[in-house]
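Asker: Coordinates for the following, if possible.
(one chain, ligands or ions: 1)
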Amino acid sequence: MTTTAVDQRRRLLTQIPGPRSRALQARKLASVSAGVGTALPVYIERAGGGVLVDVDGNHLIDFGSGIAVTTVGNSAPRVVEGVRQQVADFTHTCFMVTPYEEYVAVCEKLAELTPGTHEKRSALFNSGSEAVENAVKIARAFTGRSALVAFDHAYHGRTNLTMALTAKNMPYKQGFGPFVSEVYRMPMAYPYRWPGDPERVAQEAFEALAAQVHAQVGEQNVAAVIIEPIQGEGGFIVPPPGWLPRVADWCRQHGILLVADEIQTGFCRTGEWFACDHESVVPDLITTAKGIAGGLPLAAVTGRADVMDAVHAGGLGGTYGGNPVACAAALGAIETMEVENLRGRAREIEALMTPRLRTLAEKFSVIGDVRGRGAMLAVELVTAGGDRTPDAALAAAVNKHCHSEGLVTLTAGTHGNVLRFLPPLDISDDLLHEGLDILEGAFLSSV
Ligand code: PLZ
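Answerer: Residues are numbered from 1 along each chain as shown. Predicted coordinates for the structure are as follows:
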């Protein structure tokens, strides 16, 4: 495999954003809906490894991976080659009309790699939101029940049904209702904000869920519990060990399907193929997207064969779902993860970054929590008072400082006070260290 041609060094030639980016941003404001925001209006021309190159020639360090998508790196060689070949062969037939092998091959890989050794089936879609929507359709068709349970701080998408599942109002839901009924929100086991020893928090949070579902919904009415095993947009919340297995057992006991939304956590991001693997939890259905295809739009629902096959023929689909080019990209991305052991690389990134983030937290008491797994890490920022008050303004200031220094960071969290780090897994150690140096400088000048 050829290595990426993009020079793996940060280089700033202009202010960030530079003049060409600013000119493009002016065109954007005049042509793109104001509803579509841009966190960092730097226009990208090329990208590879851990570096984004903008139209002004600046090389930025990428701690975002396009929101956990380019896990194998941007323009990863196997993805590029697969796409190139597929585009030349054919671009689309519609799998529902005249099928092709690539779709089947992706579903075979999903059956092999997702948690559990049981017989599985998959269906492919275009976006994460669409996968979650379809998981709900499948769960309802199989169980004959309608209620859905989701959690505080959850994020499942921006379509109408998935907005209802998503917890945070601004910017995702404000003004966009009415939302679908039969969605019930339950407390999340959030260690930093549910103090106590982790084992007790796991038990208490589980008991709260079970009691509230029993009292407010009735277990027999619940089709599915939908859960991100590590919450993404909600602030990289890692539930305490033991909580997810308890929820899984309880679901099984009541004939409720457990849907793991691994759209952000999946495909090596957390140091395992899927975040459920850390606790050996086997969900009934799993939704994937983002990292699956190295940047091309592809999503999937994978699950128990009896559940997935409960839907009548023709009940699932869509014009573009499992597009051959996206499938070719996925096959290239998955092969890259296997051959280059990117699970191991994610764990190495955790081992490099976490101690440095902890040192930073010792220096700056406004870093209330350091958390995450693999290359999905975050710091939660709070005011200095010691009462864990979320400090969104500080998160915004640190984020902005990082951007101005050529480090692409993202915020997250229900209160907007979490800085998250999602580097591509092919980033070099040097760039990780340099990015962390910039982050430290950002705290020095913002606190
Ligand atoms: N489920 C767990 O993380 C997408 C959203 C960015 P789509 N997260 C990034 C934004 O502001 O729109 C996500 C996720 C989880 C579902 C989704 C939705 O995936 O591909 O964005 O539809």
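Asker: Shouldn't residue 438 be within a helix?
Answerer: Yes: with DSSP: H, G, I helix; E, B strand; the rest coil as the criterion, residue 438 is part of a helix.
Asker: That one reaches residue 63, doesn't it?
Answerer: No: with contact defined as Cβ atoms under 8 Å, residue 438 does not count as touching residue 63 (9.4 Å). (Each C-beta comes from the backbone N, C-alpha and C, glycine too.)
Asker: Quick check: neighbours shared by those two?
Answerer: Counting by Cβ atoms under 8 Å, 6 or more residues apart in numbering, the residues touching both residue 438 and residue 63 are 402, 407.
Asker: who's more crowded, those two?
Answerer: Set residue 438 next to residue 63 and count neighbours by other Cβ atoms under 10 Å: residue 63 wins out with 27 against 20.
Asker: neighbours of the residue of the chain found nearest the ligand, just the number please.
Answerer: Relative to the ligand, the nearest point of the chain is residue 128 (2.2 Å; Cβ to the nearest ligand atom). Applying other Cβ under 10 Å, we find 31 residues neighbouring residue 128.
Asker: Begin at 19 from now on, thanks
Answerer: In the new count, where the first residue is 19, that last one comes out as residue 146.
Asker: Let me know the pLDDT of it.
Answerer: pLDDT for residue 146: 98.
Asker: That one contacts residue 311, doesn't it?
Answerer: No: using Cβ under 8 Å as the test, residue 146 is too far from residue 311 to be in contact (11.7 Å).
Asker: Now residue 142. Nearest residue, chain neighbours left out?
Answerer: Once flanking residues are discounted, residue 142 sits nearest to residue 340: 3.1 Å by Cβ to Cβ, 6 or more residues apart in numbering.
Asker: low-confidence ranges in the chain?
Answerer: Counting by pLDDT under 70, the chain has low-confidence residues at 19-22.
Asker: Where do the domain boundaries of it fall?
Answerer: Domain segmentation of the chain under automatic domain parsing yields 37-80+360-464, 96-357.
Asker: Nearest to residue 87, out of those?
Answerer: For the domains of the chain, the distance to residue 87 is smallest for domain 96-357, at 4.6 Å, taking Cβ to Cβ.
Asker: Start and end of that closest one, how far apart?
Answerer: Using Cα to Cα, to the nearest Å, one end of domain 96-357 lies 11 Å from the other.
Asker: and it, how far out from the chain's middle?
Answerer: 10 Å (Cα atoms, centre = their mean, to the nearest Å).
Asker: Compute the number of surrounding residues for the residue lying closest to residue 101 once chain neighbours are set aside.
Answerer: Excluding its sequence neighbours, the residue lying closest to residue 101 (Cβ to Cβ, 6+ apart) is residue 347, at 5.2 Å. Counted with other Cβ under 10 Å, the neighbours of residue 347 add up to 29.
Asker: what about residue 347, distance to residue 105?
Answerer: Distance of residue 347 to residue 105, computed by Cβ to Cβ, to the nearest Å: 10 Å.
Asker: for residue 350, same thing?
Answerer: Residue 350 is 13 Å from residue 105, by Cβ to Cβ.
Asker: These two: who's more crowded?
Answerer: residue 350 (25 against 12).
Asker: That one and residue 91 touch, don't they?
Answerer: No: judged on Cβ under 8 Å, residue 350 makes no contact with residue 91 at a distance of 11.4 Å.
Asker: Need the overlap of contacts for those two.
Answerer: Shared contacts of residue 350 and residue 91, defined by Cβ under 8 Å, 6+ apart, comprise residue 312.
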